[in-house]
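>>> Okay, predicted coordinates and the sequence, questions at the end:
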Amino acid sequence: MIAGITAGMIYQLFIGARVRIYSNGDFSRFPGDGSSDNPFIIEDLNLNTWSSYGLEIKDVSVCFEIRNCDIRADWGALILENIASPYCRIVNSSFHATQLGIKVEEVKNIIIENCQISSTQLGLHISHTDEILIFNNNILGQFTDGINVGDVISGSIFQNTIEGSSGGLNIVFCSLNVSHNQFIRCGIEVGRLKWEYNNYEAKLNISNNQFSEYGGGIYFDDYMDFDDLQESIFENNTINDKPLICLTHKSNRIFLELEIVQFTLIKCINISFENTSYTGAMVLVQCTNISFENANYTGFNQDFMIKIWNCSLIRFNNSFFSNFWKIYIDSCQNITITFCYFEKAYDMILEFEKTLNSIIHHNSFMDDSSVRDDLGSNNLWYDENLSQGNYWIHYTGYPAAYAIPGSTGSVDLFPLSSPPV
C-alpha cells in the first residue's frame, strides 16, 4: 500500500497514456528509495499510445528497475537519456514501436534482460554508454538494425535472438563481447572501433554466434581502420552450423578439409587452405602469402563472391568455381591463378583493377562471361616456359592471340584449344 492505494492501482492510471520521468523526484510515485539495494520499481505498466513516446526517463541519478511492462508507442516505446544512476535494469518486459523499440543514450550502466523488443525501423539503439549487459532478449528490427551500438566503453551482448530483414547488430566505436547470439536473416556489421576522443581500449570478441545463411555473417564497413582490429577476436561463429572463418592480424596457419560458408582474412600472413569448400562470400584485405589448393567454390548471387584488395602473393591452384557473381581483384600484386575451372559467373569471371605482376594460365573459362584487366601492368595470361595459356569457351581461334578486355593491354598469346582441367 502507498498512501492507501496499491501500486497496481497507481500503474493502471497510466494505461493508454504517456509516462514521463524527468527528475529524481518524479520517481516518488513508485516503490523504492533509489539506492542500489532498493531501486525504484516500475512494474506491470501497460501503455498503448500512438501519439509519440511511451515511457521516457531522462536526467536522473537514482537506481531503478522496469519489470513486467508492456509498452507500445509510435516513435519510441522506451527512451532513457542522461541517466547517471550506478544501476538501472529492464527485465521481463515488451517494447513495440513503429520507429524505435528502446533508445539508450548517455547512460552509466544498464542491464536489459528477458525482454521482447520490436520495431519496423530499429529495435534497440544504445550510444554514449559506459557499461551494458544485453542478455537473453528477442529483438526484431525490420528495416535497419535489430541493435545499433555506438560509443560504448564496455559490455556484453549474449544469448539474444536477433531477427531482421536487413541489419542485425551494428557496432561502431565500442569495446564489446558479443557471444552465443542467434542471428536470423541478418548479421553483424563492424565499423571503426577507435577515434581520437576514445579514452578506452576498443576491441571486440565476437565468438560462438549462430547465423542463418540468408543475410548472415560478419561484415566490415568500407571505412574501417583495419588496425583497430589487431586485438579483436572472431572465433567459433557459424552459418547454418558451418564454419564462418574470420581472421584478423593472424599468421602461419594451415586449414585442411573445411566446409566454409563465409570467409574473411584481414592483414594476415602465411595462411594456407587445402581441400576446402566454400558456399559464400570471400574477402581478403591487406594480406600476404595466402594460398588455396584444391578449393571448391559454389556461391550464390551477390555483389561478389570473392574480393581481394591490396594483397600480394595470393595463389589459387587446381580449384573449381561455379555459381558466383565475380572475382574482383583490386590494387594487388603477384596474384597466381593456375589450373582452375570457372563456370556460371553471373557478372564477370575475373576482374583485375590496378593489379600488377600476376600470372594466369592453364585455366578453363567455361562461361561466356568475360574477364577484364584494367589499369594494371605486367600481368601474364600464359605460361612463358610452355607457351601455353588458357582455354576460352567463346574463343573461335581467330586471331591467333586472345586479347584480354581492359586498358592494361594484356594478351593471352597461346590460347588453348581444349580445357586443361
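Done, it's in.

>>> mind giving me the domain ranges of the chain?
Residue ranges for the domains of the chain, per automatic domain parsing: 1-104, 120-240, 246-421.

>>> Tell me which residues are up against stretch 331-342.
308-322, 329, 349-350, 352-367, 419-421 (C-beta atoms under 8 Å, 6 or more residues apart in numbering). In short, each C-beta sits where N, CA and C put it, glycine included.

>>> Please list only the buried members of the residues you listed.
308, 311-316, 319-322, 329, 349-350, 352-353, 355-356, 358-367, 420 (16 or more other C-beta atoms under 10 Å).

>>> Sitting in helices, which of these do you find?
Using DSSP state H, no member of the buried ones among the contacts of stretch 331-342 falls in helices.

>>> in the sheet, who's paired with Ser94?
Asp70, Gln116 (DSSP bridges).

>>> That one touches Asn68, doesn't it?
No - contact criterion C-beta atoms under 8 Å: Ser94 and Asn68 do not qualify, at 9.3 Å.

>>> Please identify which of those two sits among more neighbours.
Neighbour count, other C-beta atoms under 10 Å: between Ser94 and Asn68, Ser94 has more, with 17 against 14.

>>> and Thr144, how many residues sit next to it?
Counted with other C-beta under 10 Å, Thr144 comes out at 18.

>>> Next one: it from Gly187, what distance?
Separation of Thr144 from Gly187 (C-beta to C-beta, to the nearest Å) stands at 13 Å.

>>> Now list whatever residues contact both of those two.
Gly167.

>>> Where does pLDDT dip in the stretch 201-350 of the chain?
300-304 (pLDDT under 70).

>>> which one of the domains of the chain has the most crowded surroundings?
domain 120-240 (a mean of 20; mean count of other C-beta atoms under 10 Å).

>>> Can you give me the end-to-end span of that one?
Terminal residues of domain 120-240 lie 26 Å apart, using C-alpha to C-alpha, to the nearest Å.

>>> Please apply the same query to stretch 338-354.
Note: stretch 338-354 ends 20 Å apart using C-alpha to C-alpha.

>>> The chain should start at 189 in everything you say after this.
Yep, numbering from 189; the last one is stretch 526-542 now.

>>> Run the chain-centre distance for that stretch.
26 Å (C-alpha atoms, centre = their mean, to the nearest Å).

>>> likewise stretch 348-357?
Using C-alpha atoms, centre = their mean, the offset of stretch 348-357 from its chain centre is 10 Å.

>>> Could you do stretch 408-421 as well?
12 Å.

>>> List the contacts of that stretch.
360, 377-382, 389-395, 436-437, 452, 454-455, 471, 473-474.

>>> returning to what we had before: make CSV out of the domains of the chain and add distance to Ile300.
What follows is these, written out as CSV (distance: least, C-beta to C-beta, whole Å):
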stretch, distance to Ile300
domain 189-292, 5
domain 308-428, 5
domain 434-609, 26
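
>>> CA atoms only: put stretch 262-278 into CSV for me.
The C-alpha trace of stretch 262-278 is given here as CSV (Å, rounded to 0.1, in the frame of the first residue of the first chain):
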residue,chain,number,x,y,z
ASP,A,262,4.6,5.3,-32.3
TRP,A,263,8.1,6.9,-32.2
GLY,A,264,9.7,5.1,-29.3
ALA,A,265,8.4,2.7,-26.7
LEU,A,266,11.2,3.3,-24.1
ILE,A,267,13.5,6.3,-24.0
LEU,A,268,16.4,6.5,-21.5
GLU,A,269,18.6,9.6,-21.7
ASN,A,270,21.2,11.2,-19.5
ILE,A,271,21.0,8.5,-16.7
ALA,A,272,23.8,8.9,-14.1
SER,A,273,22.5,6.1,-12.0
PRO,A,274,25.0,3.5,-11.0
TYR,A,275,22.4,0.9,-11.8
CYS,A,276,19.3,0.5,-13.9
ARG,A,277,17.7,-2.6,-15.2
ILE,A,278,14.9,-3.6,-17.6
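
>>> ok, now which ones touch Ile494?
469-472, 485, 512, 514-516.

>>> Just the ones of those in strands?
Counted as lying in strands by DSSP state E, out of those, are 470-472, 485, 512, 515-516.

>>> from those, which two are the most distant?
Leu472 and Phe512 (15.0 Å; C-beta to C-beta).
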